[in-house]
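> Quick one: sequence plus predicted model below, questions after.
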Amino acid sequence: MANEKDKQLESVTVDTTQEAALTTNQGLKMAEDEFSLKAGDRGPTLLEDFHFREKMTHFDHERIPERIVHARGYGAHGEFELYEPLEQYTKAKFLNDTSKKTPVFVRFSTVAGSKGSPETVRDVRGFATKFYTEEGNYDLVGNNIPVFFIQDAIKFPDLVHAVKPEPHNEIPQAGTAHDTYWDFFAQNPESTHMTMWTMSDRALPKSFRTMEGFGVHTFRLVNKEGKSHFVKFHWKPKLGTHSLVWDEAQIIAGKNIDFNREDLYESIEKGDYPEWELGLQILSEEDEFNFDFDILDPTKIWPEEEVPVKIVGKMTLNRNVDNVFAETEQVMFSPAHIVPGIDFSNDPLLQGRLFSYTDTQILRLGGPNFHQIPINAPVCPFANNQRDGLHQHQIHKGMTSYHRNGINNNNPHTTPVEDGGFESYHERIDAHKVRARSESFKDFYSQAKMFLNSLTEAERKHLTDGFSFEIGKCKLDFVKQNAVNNLNKVDKKLAEEVALRVGAEVPAADEEVKTDKASPAVSMENTVKKLDTLSVAVVVTENSDVVEVETLIKDFAAHKVNYKLIANRPVKLSEGLKVTETFDTVHSTLFDGLLVLDAEAPLAPPLKDFIEAANRHYKTVGYSSRVAPLIDTTSVKKDQPGIIEVSTAESYLNLLVVQRHWDRVL
Ligand code: HDD
């Protein structure tokens, strides 16, 4: 059923599938749209050709500047529902009414790459949610990593300049594997903790549907009585948090650069609606100074074991956009978009963000009226005395556009706080003006080490691989050395391993921060594992047994497991069973598991690669007794975990649910 936002968007949606006369933008029906107006059929085009000029001018202006960060993104509509009223903490209406479904729009993104870059690069992912509430739009503009690289917004341009392709040659695209990033890392060690996350599997999400979201900053919740609690926001994916393997991610970047958006789009089209639960970590004001970190520091997490995440609601994405430009490209988010009951903390990174997001839209969306673009407009009434400007779509009738006025009864009027008017939290501030970093923000290494302490052996190996790949890509020896020296302050062994792999000196000094503290919630191995919507590549030939394939498909469907039949050329097994995908069009990297039912002997190189890649990426590899001898001609070792001769679908699915068999020896 359409919600308020759907209905609002519908009123401006043009159904281009309907019969319509082709006209100019002035409504003039045209008799011809293939030929420009020329002096003779071999002559020059005439300046008079207004139709040509209008069509060409519009085309010439179709593009808008891409976002300076988070350019590559994909969005969808959905709804948020609340499990229990939170009046003890906040007066925000959408966090108090369990009967209401609040419309949302979410845009996921990579950060560094430009608009056309591959999606499976090693990078942070943006996770921005707009709640269209009855009290105005509330934007939770987060990432899939709970901390940030810097502590003060004034350094954001420096960070982004270091991350983006180097200016002299515009290389590399969409990643931090280059000198300027690692120079920044060493010179600005506050980035150490977040870099531990970005070098881990967290920066390679398998899909948008399987990543967590974090508001990162500490915000405030404020209740009716004006009492404030500190809060951190979390999105927990119902399917669990799952990632790709680096080698696999690199292959997918070539095989399908749209891997993540296609997954989101197709899941929603199929009705496999992605879901996340909203979690809150709530702290009373009295507890502000009770931790071994500063709760305002955005380079620190509040370990979930110390401040539990309270699950309060669920978001479901259930509708793809009708037009990617109009909706996903033109949507704008800002952490400054809040509603009564939510407020800011003094986190200096957040404070600067409150300025940057609306400022950037003036360039990107061409003026100050971007809030009138349908995807950005609130679903509640909005009125003030702001007027005119580029792309003004509203016709403001009446004489007055100033506050206070007597002519129009001082309309639009302000609203008392008790009736829902916003007022900022009455925080008392008594301080000197300074440009400085708080002493309490100066521990850059304890939580970086805590992150390392929380990883499993496989995750730690991937982290070392990530550092070795990225630092190894640097061309300047002193940059490599400084990066390794900085890692030495986190962990001597990690620095040693990376130093050897990137050709830097092993640091002699024992500088590592001493802490055994761990936060098990940080490890993705402790996540939810479900069969729902996992995908299996089922390899068949034209001689495969139709009944066997049909039974398997039924068993998969019963567990909500998706599959694709793949053969070395398109074949028709039966009227209902057509194999359209081949080893030319897909690859095992695009699936969660592999099941080889039949194959022609000897194994053709593309299928051999298909099987060996699935094995190398720790996926479940199943095979029928018929193809068992062929498996022996590959690098797959049959006695390893997650490799199975399949007798029943059940036996295969029991392994598939594990997703990655990290203890497999390759
Ligand atoms: Fe930002 C976009 C998330 C720090 C300035 N940011 C942007 C988007 C996300 C984030 C998800 C994409 C929104 C969309 O899909 O349109 N940014 C974050 C997080 C941060 C963060 C989680 C740290 C906790 N950002 C940050 C700082 C600044 C900015 C410190 C500047 C002071 N961010 C921007 C921006 C962007 C943006 C330049 C680019 C496009 C846009 O805003 O609309 O203003």
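Cool, got the structure. Just so it is clear, the model here is predicted, and its values are computed rather than measured.

> The closest residue to P412 other than its chain neighbours: neighbour count?
The shortest distance from P412 to any non-neighbouring residue, by C-beta to C-beta, 6 or more residues apart in numbering, is to A383 (4.1 Å). All C-beta atoms are positioned from the backbone trio N, CA, C, and that covers glycine. Per other C-beta atoms under 10 Å, the neighbour tally for A383 reads 10.

> and the residue of the stretch 501-650 of the chain found nearest the ligand, backbone torsions?
Among all residues of the stretch 501-650 of the chain, V522 sits closest to the ligand, at 17.4 Å; criterion: C-beta to the nearest ligand atom. Backbone torsions for V522, taken as degrees, to the nearest 10, come to phi -70, psi -30.

> From what I see, it and S454 are in contact.
Yes - between V522 and S454 there is a contact under C-beta atoms under 8 Å: 4.2 Å.

> which of the two has more neighbours?
V522 (24 against 20).

> Quick check: the more buried one vs W197, distance?
The gap separating V522 from W197 is 9 Å, by C-beta to C-beta, to the nearest Å.

> shared neighbours of those two, which are they?
F451 (C-beta atoms under 8 Å, 6 or more residues apart in numbering).

> is it true that F583 touches K564?
No - using C-beta under 8 Å, F583 is not in contact with K564; the gap is 11.9 Å.

> The ligand contacts on the protein?
67-70, 73, 107, 109, 126, 128, 141-143, 148, 153, 156, 216-217, 298, 332-333, 349, 352-353, 356-357, 360 (C-beta under 6 Å from any ligand atom).

> who does the residue of the chain found nearest the ligand bridge with?
In the chain, the residue that lies nearest the ligand is G126 (2.7 Å; C-beta to the nearest ligand atom). Beta bridges link G126 to S109, N143 when assigned by DSSP bridges.

> List the residues that contact it.
Going by C-beta under 8 Å, 6+ apart, the list of residues near G126 reads 70, 73, 107-111, 141-144.

> Identify the residues contacting H587.
Contacts of H587 (C-beta under 8 Å, 6+ apart): 251-252, 255, 609-610, 613.

> I should have written N188 there, sorry.
Counting by C-beta under 8 Å, 6+ apart, N188 touches 149-150, 155, 158-159.

> among those residues, which ones are buried?
Neighbour counting by 16 or more other C-beta atoms under 10 Å classes 149-150, 155, 159 among the contacts of N188 as buried.

> Show me the two of these that sit farthest apart.
By the measure C-beta to C-beta, F149 and K155 form the most distant pair in the buried ones among the contacts of N188, at 8.4 Å.

> follow-up on the earlier one: next, find the distance separating the residue of the chain closest to the ligand from G73.
G126 sits 7 Å away from G73, going by C-beta to C-beta.

> shared neighbours of those two, anything?
107-110.

> Please produce CSV containing these, extended by pLDDT.
Listed next are the shared contacts of G126 and G73 as CSV, based on pLDDT from 0 to 100:
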residue, pLDDT
R107, 99
F108, 99
S109, 98
T110, 98
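
> and which of those residues is nearest to P308?
If you rank the shared contacts of G126 and G73 by distance to P308 using C-beta to C-beta, F108 comes first, at 26.5 Å.

> how deep is the residue lying closest to that closest one once chain neighbours are set aside tucked in, by neighbour count?
In space, and not counting its chain neighbours, F108 is closest to F208: 4.3 Å by C-beta to C-beta, 6+ apart. Counted with other C-beta under 10 Å, residues neighbouring F208 total 27.

> Next up, the contacts around F208.
Contacts of F208 (C-beta under 8 Å, 6+ apart): 74, 108, 125, 127, 260, 263-264, 274.

> Pull the most distant pair out of these.
Largest separation among these by C-beta to C-beta: F127 and D263, giving 15.1 Å.

> G420 contacts P340, correct?
Yes - counting by C-beta under 8 Å, G420 touches P340, with 6.1 Å between them.

> neighbour-wise, which of those two wins?
P340 (20 against 15).

> Show the contacting residues for the more buried one.
Going by C-beta under 8 Å, 6+ apart, P340 touches 91-92, 135, 222, 417, 420-423.

> let's go with 10 Å and repeat that
P340 sits next to 90-93, 133, 135-136, 222, 224, 415, 417, 420-423 when contact means C-beta atoms under 10 Å, 6 or more residues apart in numbering.

> Can you tell me the SS state at it?
Following DSSP: H, G, I helix; E, B strand; the rest coil, P340 is assigned to coil.

> Kindly list the main-chain dihedrals of the closest residue to V307 other than its chain neighbours?
Once flanking residues are discounted, V307 sits nearest to Q281: 4.5 Å by C-beta to C-beta, 6+ apart. Phi and psi for Q281, reported as degrees, to the nearest 10, are phi -100, psi 120.

> Show the average pLDDT along stretch 593-607.
For stretch 593-607, the mean per-residue pLDDT is 96.

> What residues sit buried inside it?
593-599, 603, 607.

> got it, and stretch 345-352?
By neighbour count on 16+ other C-beta under 10 Å, the buried set for stretch 345-352 is 345, 347-350, 352.

> re the thing from before, can you flag which of the buried residues of stretch 593-607 belong to helices?
Mapping the buried residues of stretch 593-607 onto helices (DSSP state H) picks out L607.

> before we move on, the earlier item: the contacts of F208 into CSV, with extra columns for neighbour count and distance to E304?
Formatted as CSV, the contacts of F208 follow (neighbours: other C-beta atoms under 10 Å; distance: C-beta to C-beta, whole Å):
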residue, neighbour count, distance to E304
Y74, 22, 28
F108, 28, 23
R125, 24, 20
F127, 24, 18
N260, 27, 26
D263, 23, 27
L264, 21, 26
P274, 23, 22
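
> could I get those residues as TSV with distance to A174?
Below are the contacts of F208 laid out as TSV (distance: C-beta to C-beta, whole Å):
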residue	distance to A174
Y74	15
F108	15
R125	12
F127	18
N260	13
D263	18
L264	19
P274	24
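
> and of those, the nearest to A508?
Once C-beta to C-beta is applied, the member of the contacts of F208 that ends up nearest A508 is R125, at 37.8 Å.

> Thought G73 was touching the closest one, still the case?
Yes - counting by C-beta atoms under 10 Å, R125 does reach G73; the two are 9.3 Å apart.

> intersection of neighbour lists for those two?
Contacts common to R125 and G73, judged by C-beta under 10 Å, 6+ apart, are 108-111, 119, 208, 260.

> so what's G576 scoring on pLDDT?
Confidence at G576, expressed as pLDDT, is 88.

> Correct me if wrong: it contacts V546.
Yes - when contacts are counted by C-beta under 10 Å, G576 is listed as touching V546 (9.1 Å).

> Looking at those two, which one has more neighbours?
For G576 versus V546, neighbours defined as other C-beta under 10 Å are more numerous around V546 (13 against 9).

> Next one: that one relative to V646, how far apart?
In terms of C-beta to C-beta, V546 sits 17 Å off from V646.

> what sits against L597?
538-541, 544-545, 548-549, 552, 565, 622-624, 626-627, 646.

> what do you get if the cut-off is 7 Å, keeping everything else the same?
538-540, 544, 549, 624 (C-beta atoms under 7 Å, 6 or more residues apart in numbering).

> And for the closest residue to A203 other than its chain neighbours, the neighbour number?
Nearest non-adjacent residue to A203, counting by C-beta to C-beta, 6+ apart: R122, 4.8 Å away. R122 has 24 neighbours, counted by other C-beta under 10 Å.

> R122 sits in which helix or strand?
Assessed by DSSP states H and E, R122 sits outside every helix and strand.
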